[in-house]
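Engineer: requesting a structural model of the entry that follows:
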Amino acid sequence: MAETKTASAQSAAAQAQAETAVEDLNLQIAALREDLTKLSRSMAAVGQGAKSVVTEEAQEITDQLRERVRQEPIFMVAAAAGIGYLVGLLSRR
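Structural biologist: Numbers count the residues shown, from 1 in each chain. Okay, here's the model as predicted:
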């Protein structure tokens, strides 16, 4: 009879310990989900910032190129012809 009470007490203790472990795991999962949400938001902000920088740089380069073409149209036509010639040579091979 004493053995049954001891086994029952051990079983109850094991069950309580398992429930505590499950609760702890649920709390950890919730914390991980929250961290992932924060990380996703941070990555989106970084990506948006990088997009803005790249867009501004591309616009600046385009503006500079347009201005250079206006200043030296003959040189730009010759440069385009030279690049086309080189591409043609490379595509033959």
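Engineer: against residue 12, how distant is residue 6?
Structural biologist: For residue 6, the distance to residue 12 equals 11 Å [Cβ to Cβ, to the nearest Å]. For glycine as for every other residue, the C-beta is placed from the backbone atoms N, C-alpha and C.
Engineer: thought residue 68 was touching residue 76?
Structural biologist: Yes: between residue 68 and residue 76 there is a contact under Cβ atoms under 8 Å: 6.8 Å.
Engineer: what's the following helix or strand after the longest helix along the chain?
Structural biologist: In the chain, with assignment by DSSP state H, the single longest helix is helix 2-71. Downstream of helix 2-71, the first helix or strand assigned by DSSP states H and E is helix 73-92.
Engineer: next, the buried residues of that following helix.
Structural biologist: By 16 or more other Cβ atoms under 10 Å, helix 73-92 has no buried positions at all.
Engineer: show the average pLDDT along it.
Structural biologist: The pLDDT scores in helix 73-92 average 92.
Engineer: so that helix versus helix 2-71, what angle?
Structural biologist: Interaxial angle, helix 73-92 versus helix 2-71 (axes from the mean of the first three to the mean of the last three Cα atoms, to 10 degrees): 130 degrees.
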